[in-house]
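A.B. asks: attaching a predicted model along with its sequence, questions to come.
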Amino acid sequence: MSQGISQSSQLSEEAVKGSIGNSDLISTVNSRLILEAVRTLGPTYRAQIARKTNLNPATVTGIVNELLEREMLLEVPAESEVSGRGRPPQILQINADAKNILAIDIEPDRIRVAVLNLLLEVKEYSERRVDRFSGPKPIWQQILDLCNEVSSGTGITPLQGIGVSLPGLIDVEQGVLLGSTNMPKMVDVPIRELLEKEFTAPVYLERSMHLASLYEAWVRVDGFKGSTMVITHRTGIGMSLMRGGELYLGSRGYDGEIGHTVVDLNGERCECGGRGCLETFVSASAICKRVNQMLAEGRCEAIRRACDGGAELHPELVFRLAKADDADCVEVVREVGRYIGIAVANMMNVLAPDEVLICGSIDVADELVLESVSEQIQQRALPRIRENVVVRLAAAKELSPLYGAAVLVAKRLFELPKLSHAQ
């Protein structure tokens, strides 16, 4: 597990060493247990919380009262089906608006910013297309402009924290975007430092492909213990792997670069410097290049009409027209899905996941993409490995990394601290 994910969910080593046997630590653990129980159960009763957490009722009552005083929980009358006299039963729910979360998703060709509550319900949202070949200064100004837009409505205070989804490779400890093949001028950008100068709130950041998985784990309350492979297709394509709701990450979090696995030894030059990478077939620029070739051949009339009407040639336009059964766009999407399916089948043969999730702008074409990917899995994954594997779209589709950025902040209220032994 990378430093970014593991350290984000645990107390600092000094705090842990100083808290062994400390009642404050026990109180923190129990409080988070109860908050997580209320979050996953929904509005619920104290007795249900006790059963869910295995805490005794007296402990639950004491901590619930404390959380009510802190306004992290609300107590509201239950809708009783039994009419009669007396005080109606009370149920507990998360006070979602006790704090706000600012989430920022920096995608190479688009920036998304949202203000969410503690249950990740969006209060304000704005997005803007950007030039991925821009340098840090214009990109940073776009981020600030979007933050001002979303804060002008309901405001962002009180602010629990800021979560940031980033492309490419990052240094989580220092809060720095080291570089991205799809944003070649964004090198060694001190994202955390820049945000902390503007906002008095903690800043947490992770790679977009990891955050897509993190959000999937957040929304699942079924206790799923299997392994899930998440494919994120946006400007480029990435992969992440979860098992039992925990991310498996490579050294320093540098993993999941499925887009730079080679599928054609004699293929075109990739932006990473290699040849024949998967991204040369399925990236946003590759899709637009394929459509331009078809336009030159007198095809893709629906695209031509849309662009003549002022639309921008972008993969999402192709996906929407494919969903509307335009034959040429369907051909493009099926070709993209075929290459993704080949890559997924290869990864399945190596990792044998229980399910495969796809998210990103490509899932605008939903079933068409799933069909193409599933066809390749059936042809190329080993029979025993593909048996009973579920292939589906992710919960939040193209917004998965944005919601995952909000999870980076919210989970610090709900997840148990991961403790290490004192030396």
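C.D. replies: Structure received. Small disclaimer: the values here were computed from a predicted structure and weren't measured.
A.B. asks: I'd like to know how many residues surround Asn65.
C.D. replies: 12 (other C-beta atoms under 10 Å). In short, each C-beta sits where N, CA and C put it, glycine included.
A.B. asks: so who does it touch?
C.D. replies: Shown in contact with Asn65 (C-beta atoms under 8 Å, 6 or more residues apart in numbering): no residues.
A.B. asks: mind exporting the C-alpha coordinates of the helix or strand hosting Arg32 to PDB?
C.D. replies: If you go by DSSP states H and E, Arg32 is part of helix 23-41. In PDB, the C-alpha atoms belonging to helix 23-41 read as follows (Å, rounded to 0.1, in the frame of the first residue of the first chain):
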ATOM      1  CA  SER A  23      -8.600   6.700  26.800                       C
ATOM      2  CA  ASP A  24      -8.500   9.400  24.200                       C
ATOM      3  CA  LEU A  25      -7.400   6.800  21.600                       C
ATOM      4  CA  ILE A  26     -10.100   4.400  22.600                       C
ATOM      5  CA  SER A  27     -12.700   7.200  22.400                       C
ATOM      6  CA  THR A  28     -11.500   8.100  18.900                       C
ATOM      7  CA  VAL A  29     -11.800   4.500  17.700                       C
ATOM      8  CA  ASN A  30     -15.200   4.100  19.200                       C
ATOM      9  CA  SER A  31     -16.500   7.400  17.900                       C
ATOM     10  CA  ARG A  32     -15.400   6.500  14.400                       C
ATOM     11  CA  LEU A  33     -16.900   3.000  14.700                       C
ATOM     12  CA  ILE A  34     -20.300   4.600  15.600                       C
ATOM     13  CA  LEU A  35     -20.100   7.300  12.900                       C
ATOM     14  CA  GLU A  36     -19.300   4.700  10.200                       C
ATOM     15  CA  ALA A  37     -22.100   2.500  11.500                       C
ATOM     16  CA  VAL A  38     -24.600   5.300  11.200                       C
ATOM     17  CA  ARG A  39     -23.200   6.200   7.700                       C
ATOM     18  CA  THR A  40     -23.600   2.700   6.400                       C
ATOM     19  CA  LEU A  41     -26.800   1.800   8.100                       C
END
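A.B. asks: now do the buried residues in it.
C.D. replies: 25, 28, 30-41 (16 or more other C-beta atoms under 10 Å).
A.B. asks: specify the local secondary structure of Met242.
C.D. replies: strand (DSSP: H, G, I helix; E, B strand; the rest coil).
A.B. asks: that one contacts Val230, correct?
C.D. replies: Yes. Using C-beta atoms under 8 Å, Met242 is in contact with Val230, at 7.1 Å.
A.B. asks: any shared contact partners between the two?
C.D. replies: Contacts common to Met242 and Val230, judged by C-beta under 8 Å, 6+ apart, are 213, 216.
A.B. asks: quick one: which of these two has more around it?
C.D. replies: More crowded of Met242 and Val230, by other C-beta under 10 Å: Val230, with 29 against 23.
A.B. asks: residue ranges for the strands of this protein, please.
C.D. replies: 73-77, 90-94, 100-107, 110-116, 122-129, 159-166, 169-171, 176-179, 203-207, 227-233, 237-243, 246-248, 355-360, 390-393 (DSSP state E).
A.B. asks: this protein - how does it break down into domains?
C.D. replies: Segmentation of the chain into domains, based on automatic domain parsing, reads 3-94, 98-214+401-412, 223-397.
A.B. asks: about what we covered before: for Glu257, which of the strands of the chain is the nearest?
C.D. replies: Minimum separation from Glu257 across the strands of the chain (C-beta to C-beta) falls at strand 237-243, 6.8 Å.
A.B. asks: for the closest one, packing partners?
C.D. replies: Counting contacts by 3 or more C-beta pairs under 8 Å, 6 or more residues apart in numbering; DSSP states H and E, strand 237-243 packs against helix 208-219, strand 227-233, strand 246-248, helix 327-351.
A.B. asks: can I get these in JSON lines including distance to Ile287 and mean pLDDT?
C.D. replies: Conversion of those to JSON lines gives the following (distance: least, C-beta to C-beta, whole Å; pLDDT from 0 to 100):
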{"stretch": "helix 208-219", "distance to Ile287": "19", "mean pLDDT": "92"}
{"stretch": "strand 227-233", "distance to Ile287": "10", "mean pLDDT": "93"}
{"stretch": "strand 246-248", "distance to Ile287": "28", "mean pLDDT": "87"}
{"stretch": "helix 327-351", "distance to Ile287": "6", "mean pLDDT": "94"}
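A.B. asks: pick the most buried one from the ones you listed.
C.D. replies: Among these, helix 208-219 has the highest mean neighbour count (mean count of other C-beta atoms under 10 Å), at a mean of 27.
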